Every structure is written in structure tokens, then in C-alpha cells.
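In: need coordinates for the following:
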Amino acid sequence: MKNKFIVGMSKVAIATVLSTAMAATPVLASTGDLWKGSSDIGSVTQLILHPNTFLDLLAHMSSYSYEVNGKGYDVAQSDALFKANPTASAADVQAMIEAQLTPVTQTLTVASVSAINSTVVTVDNGTTMADAMAKLDQSVTLTLSDGSTKDAAIVWSCDNYDAATAGDYTFTGKVTLPDNVTDPDSKVADVSATVTVNAVEALTVENVSAINSTTLGVAFNRALTSDEQSKAQFAATYNNTAFNISAVTWSTDGMTAQFSRQDAAKLAAGTYAVSV
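Out: Numbers count the residues shown, from 1 in each chain. As a prediction, the model looks like this:
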């Protein structure tokens, strides 16, 4: 790009021309080119051969940038340096641009969005909303205007989720765009998924055994929630004769419980039965 050429242009035209020089792909970029988003518009000379593009540049200057050594710079600021140094060569002004200006951040647009995979999931009764949401897709993949891809996080919500009530619940996911990505064509939309909460499985005692000489252990067919544990009432018999028990302690996973005779007597040989 010749400095003489720029000086000879109108103030508006110069600003417009410079604004196209955005460096989205440094490998393909050429110093002095104008860029619009991730599209290399080309040099000033090439731009003049395409009047529609030139008019778009004039109308949407902020959408363009001026490239120097693989980086895009604000068109108006770059233009100001060219005008302030009319006798300097283009290379010298470009060096000033690198030294004095801050590269602009490239903004890409969404070209397409991947579908989510987990549209229906099933969880156990008592599963928290956070654990239910963890089973859903956490992101979608965006294909951007320069052909690259980025993951966009999904934030899930459900207004009526009840972990203790069996049924189907609709979760809505809002997709959060990554930094420096825009969606002017509204290609990114909310997503939805159904979470099915299973009914509570009936509780049964699977096994009663001696832990040691004074303690009985009870194993269940499923884990009991903390609420179920607090409400559980145990009845124990020895050879069909009921006896009082000590406080019940639970395993961490809620699958087993243990207790001793309240009178602290040792367990004698015989048949022990426990109901809950």
C-alpha cells in the first residue's frame, strides 16, 4: 500500500480503507490488507475494483480493521497516523501503528451449532437437581465464520424439579457464547432435555448378620436417604422374642445399619429377625 495513494484519498475513504485490515488468520494475512471479521478484503487497490465492498466499508467502518504483520488495528486510528505523517513511507507508518496502537480483538460469528446428545436422561428418586443437570450435555460446539470451532457452555434450569417425586421434568438450557463470538443470525437457540425421576424402590431387608459378639448388622436392597434414615424404626426379635435395641448407626452409603441389644448382652446363638 503506497502512502501517496492513501494521502490522495478523501478522509472518509482513507478511514474506510484502513478499517478493513483485520488479521483473523495471520498465516494467510498480508500487511496492508483490509479485513472484515475473518474475511481478507485485500489491498486498497483491490478494494477500489469492488465498489460495493468499498461502499460497505464506508457505511460499516467499525466492522473493518487494518492489518500490520498479522495483527488487526483500528481503522480510524491507523488512518490518523497516515494523515499525521504524509511524507512517511507506508512501511514507516505501519511501524508506528505497531508501536503506538493496540491490536483489535477479532470477533467471529456463529455459522452453525451442533445438536445436544442427551435429550432424555433417567435418575434415581432423590437425585439432586445439580446431579441431574450433571448428566445433561454441558456444552454445544459452534462452527465459526473462519471455519474454527469452539465449545459454548450450557446453563440448565428447571422451575418445578422435585427430586422426591417421580415423573418427567423439562430442563431448559441457555447457551453462553464464548468471548469475541457473536450470533447476528440467531443461530444459537435455547435447548431442552427431559429428566425422568424414577419412583422410590420398595425397601426390603436383605440380610441380618452378627458384626461382632454384641452388634447386629442389617443390609438393605437399596441406599436409604438421610431423611429415610432419620424416620426408620427398627423392630428386632431373637428366637421370635422382641428385644430393645441401642441407637442405630448407618454406613456412609446408606446401604447398611447396625445396632446392639439395649441391655448390652452378648448375642447368643439363635435366629434374629429385623423389620424396618
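In: ok, what's across the strand from Val110?
Out: Val110 forms beta bridges with Leu144, as assigned by DSSP bridges.
In: that one touches Thr141, doesn't it?
Out: No: with contact defined as CB atoms under 8 Å, Val110 does not count as touching Thr141 (10.7 Å). To be clear about C-beta, it is placed using only N, CA and C from the backbone, and glycine gets the same treatment.
In: which one of these two has more residues nearby?
Out: When Val110 and Thr141 are compared for neighbours, Val110 comes out ahead with 22 against 12, by other CB atoms under 10 Å.
In: how much space separates the more buried one from Ala153?
Out: 14 Å (CB to CB, to the nearest Å).
In: what does Gln46 give?
Out: 40 Å.
In: can you check Gln106 too?
Out: According to CB to CB, Gln106 and Ala153 sit 21 Å apart.
In: so between those two, which is more surrounded?
Out: Gln106 (18 against 13).
In: quick check: that one touching Lys71?
Out: No: using CB under 8 Å, Gln106 is not in contact with Lys71, being 9.5 Å away.
In: show me where the stretch 101-250 of the chain has helices.
Out: Taking DSSP state H, counting those that start in this stretch, the helices of the stretch 101-250 of the chain run over residues 129-134, 226-231.
In: of those helices, give the one that comes closest to Ala202.
Out: helix 226-231 (12.1 Å; CB to CB).
In: what's the helix or strand hosting Gln94 packed up against?
Out: Here Gln94 sits within helix 90-100, counting by DSSP states H and E. Here helix 90-100 touches helix 3-8, strand 64-68, helix 75-84, going by 3 or more CB pairs under 8 Å, 6 or more residues apart in numbering; DSSP states H and E.
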